[in-house]
Structure formats: C-alpha cells, structure tokens
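Visitor: what shape does this take:
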Amino acid sequence: MNTRSLMLMVTLSAATFFSSVGLAGPEFVPIQERAQGRSLGGTILLNDSLYSNPASSAFTQAYAVEGTFGLPRSFAASVLDTRTSEIGGAFGYFRTQDVDATQPVQGLKLALSGKASSVIGLGIGGKVMWGQGTNKTSQNLTDMDLGMLANLGTAQIGYSIRNVFNGNPLFNQRREMALGGRLGYQDLLFINATVYSLFSRLKPNAFGIGAEYVSPYYFAIKGGFRVDSDLNQNYWSAGASFLAPKLNVHYAIEFSQVAGQGPQHTLAASVQF
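Guide: Next comes the predicted model:
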C-alpha cells in the first residue's frame, strides 16, 4: 500500500460516514492519554497512536516496543516501526476489564501511517475485539479507524474517525469523531486539547485538555482535565516520565469525580532501538 492509496482510503471512508458519527471511548486508554486528560487526538505519538489517532506516528522514525499495565488487571503491549519504510506500521494486543471488572475484554490492533506531503500525515487502523459485553453475553467486533495529522512545527492538528463501520455499543464502541491540537514552546512546554463531537448535533460531547513539561534532565511532568458532558462526569489526571535515550518509564493517575469510583493507576515502559 503506497501513500496515495492510503490517502484515498481515508478520504472516501470519511466522506461516506461524515453524517453519522457518534461518541465512543478508546478500546484501551494509553498512558499518555491517561496522564493528559485524553487530549492527544492531534499530537505526534509513537505506540500510543494505535489508540489515539492512527496518523499520529506518521512523522516519527523509530522502532519501539511498549508495555502498559493498568491497575487492577488491564494490560497492553505493542510494537511500532516507522523507521524501515515510508509506510510505518504498529501492532498491539490489549486486555481490559468490562464495566463490572469481572470478565476481560481482549483485542488486537493494527495500524499503518505515512506522509501524504511534508506536513500532512494519514493513518488507517484495523481492530478485532472479543469478550463479554455490557449485556453479559459473548460479543465480538471487527472495525477500523481513520486519521489525519498536520505537522506545522510548533503546532499540530489532528482529526480522526473511530469505528467507521459502527462498532459495537455493547463494548462502548460506536462511531466517533475527534478533533485535536497541540502547541509547543521551545520543546519544553506543550499544551494539548481534543474535542469529541456528534456530527448530527455539532456540539461537543466530551473534551480533554492537557499540558506537559519536558525537562532537559531526562524527566517530564504532565497533567490534564477531561469532561464527559453526556454523563456529567469530570476527571483530573497527572503523570511523570523518566526519559532516557533508549528507555522511557511512565506513570499516570486519573481521578474521577464520580462517587465511589477510585483513581486509575497506569504504568508503562518503552524501549526504542
């Protein structure tokens, strides 16, 4: 698949489903999204691009392996290669719990990304999920995601459609659109924001905002805030990273303002070759 074919597939699919996109949630919340209020829909990413925006890795050149553990029993592992060819690829497995934290939901994700021009990146991702749905019956899902990202240097803008073929509501996976962006200052301070919206209403259903400070001394601190207006729920998050030349270690925590819902802890480590 060349870059022109990838661009055509994204454009045609977006046009087909432009009028009927609905709000969903990520299959697995990657650690950078957890730490920054799920605000990274328009940010250049490595392995986390599998879940945020499949075009987010188009402007990277890396071979990276990442493992993520979310308390109490969620897990994800992925491999990304954007170094060996013009079309980068990522593959991941995840295991998370259903709403009652009794039965696991598992899935596989595959994504391809490439540059259509010096500033535009495109991505396409496929997914398979299986496990117990919210109605306590065995469910499965096969679907795809689409994405686009503009890299303007200090600013980045991204657009994505998740679950193009309507997903599976029993996994909380439905059609979703996200529009996000990032602003950076001297490679030290970054501000991110992403809005999730139903096309039929042209009104945001949820939004996230986050910030990250990257120190020249091999560490980063970050935080975020997320609002789900449909459910009337708010979330605060924070995180820290150790950033060595080859090894990165991350921690994130998310606090819910929902009564009885405790904080969500996530740990991750990634190695770049």
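
Visitor: so where do the helices sit in the chain?
Guide: In chain order, the chain shows helices spanning 3-17, 31-35, 49-52, with DSSP state H as the criterion.

Visitor: who's the spatially closest residue to I209 that is not a sequence neighbour bridged to?
Guide: Leaving out its chain neighbours, the residue that sits closest to I209 by Cβ to Cβ, 6 or more residues apart in numbering is A193, at 4.7 Å. No exception for glycine: its C-beta is placed from N, CA and C like everyone else's. Assessed by DSSP bridges, A193 has beta-bridge partners G181, I209.

Visitor: buried residues in stretch 31-42, which are they?
Guide: 31-42 (16 or more other Cβ atoms under 10 Å).

Visitor: same question for stretch 180-188.
Guide: In stretch 180-188, residues buried by neighbour count (16+ other Cβ under 10 Å) are 180-182, 184.

Visitor: before we move on, what about stretch 72-90?
Guide: Of all the residues in stretch 72-90, those buried under the rule 16+ other Cβ under 10 Å are 74, 76, 78, 80-82, 87-90.

Visitor: next: stretch 39-59.
Guide: 39-59.

Visitor: need the buried residues of stretch 72-90 in JSON lines with pLDDT and distance to F171, can you?
Guide: Listed next are the buried residues of stretch 72-90 as JSON lines, based on pLDDT from 0 to 100; distance: Cβ to Cβ, whole Å:
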{"residue": "S74", "pLDDT": "91", "distance to F171": "14"}
{"residue": "A76", "pLDDT": "97", "distance to F171": "16"}
{"residue": "S78", "pLDDT": "98", "distance to F171": "19"}
{"residue": "L80", "pLDDT": "98", "distance to F171": "24"}
{"residue": "D81", "pLDDT": "98", "distance to F171": "28"}
{"residue": "T82", "pLDDT": "98", "distance to F171": "28"}
{"residue": "I87", "pLDDT": "97", "distance to F171": "29"}
{"residue": "G88", "pLDDT": "97", "distance to F171": "27"}
{"residue": "G89", "pLDDT": "97", "distance to F171": "24"}
{"residue": "A90", "pLDDT": "98", "distance to F171": "21"}
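
Visitor: all set now, cheers.
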